[in-house]
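# Sequence first, then the predicted structure, then my questions.
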Amino acid sequence: MRKLIVSTFLTLDGVMQAPGGPEEDDSDGFALGGWSVNYWDDQMGQIMGEAMSAPFDLLLGRRTYDIFSAYWPHATDNPGAKPLNDATKYVASRSHRELEWGPSVL
C-alpha cells in the first residue's frame, strides 16, 4: 500500500490561492498571487525535488487541474514538469467531461 502524502502551499492565515505568480489565479478578485515566490530558496527547491523524486499520483480539484493543465504540459524547461506530467491525475469535478492532460482519471 502506498503512502498518502499531502503537500500544499499555505500561508499562516489560510491563503492557498495562487502561490506561484500574480497571473496564476486571480479569480474572485484575488490580487496577491505569487506570495510564495519571495520565500522559495535552494533549500525549498531541494525539499520539493526530493518529494517529487519517487513516483506519485495527484488528487486535484477542477480549478487546480485547469491551472496545472494550462501550464505544466508546456513547461518543458522546468525540472518539475516531467514528474507532474507523468503522474496520474485524479480529478474531482462535477463539470468536466474530458481531461486532456493525461494520464488522468475523472
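Arrived safely.

# Phi, psi for Val6 please.
As for Val6, its main-chain torsions (degrees, to the nearest 10) stand at phi -100, psi 130.

# so who does the most centrally placed residue in the chain touch?
Within the chain, the residue whose C-alpha comes closest to the C-alpha centroid is Phe68; the distance, by CA atoms, centre = their mean, is 5.7 Å. Listed by CB atoms under 8 Å, 6 or more residues apart in numbering, the contact partners of Phe68 are 60, 84, 89, 101. C-beta coordinates here come from the backbone N, C-alpha and C atoms, glycine included.

# beta partners of Lys89?
Beta-bridge partners for Lys89, by DSSP bridges, are Leu58, Ser104.

# Gly21 versus that one, what's the distance?
Spatial separation of Lys89 from Gly21 under the definition CB to CB, to the nearest Å is 21 Å.

# remind me which residues of the chain are low pLDDT?
Filtered on pLDDT under 70, the chain yields no residues whatsoever.

# if we can go back for a sec, now do the SS call for the residue nearest to the centre of the chain.
Three states are possible here, and by DSSP: H, G, I helix; E, B strand; the rest coil the one that applies to Phe68 is helix.

# quick revisit: and the contacts of Phe68 as a markdown table, adding secondary structure?
Formatted as a markdown table, those follow (three-state DSSP):
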| residue | secondary structure |
| --- | --- |
| Leu60 | strand |
| Leu84 | helix |
| Lys89 | strand |
| Trp101 | coil |
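
# Pick the one among those closest to Ala54.
Comparing those against Ala54 with CB to CB places Leu84 closest, at 13.4 Å.

# you'd agree that closest one is up against Leu58?
Yes. Distance between Leu84 and Leu58: 7.3 Å, which falls inside the contact criterion (CB atoms under 8 Å).

# just to revisit the earlier point, closest to Gly34 among the contacts of Phe68?
Closest approach between the contacts of Phe68 and Gly34, by CB to CB: Leu84, at 19.3 Å.
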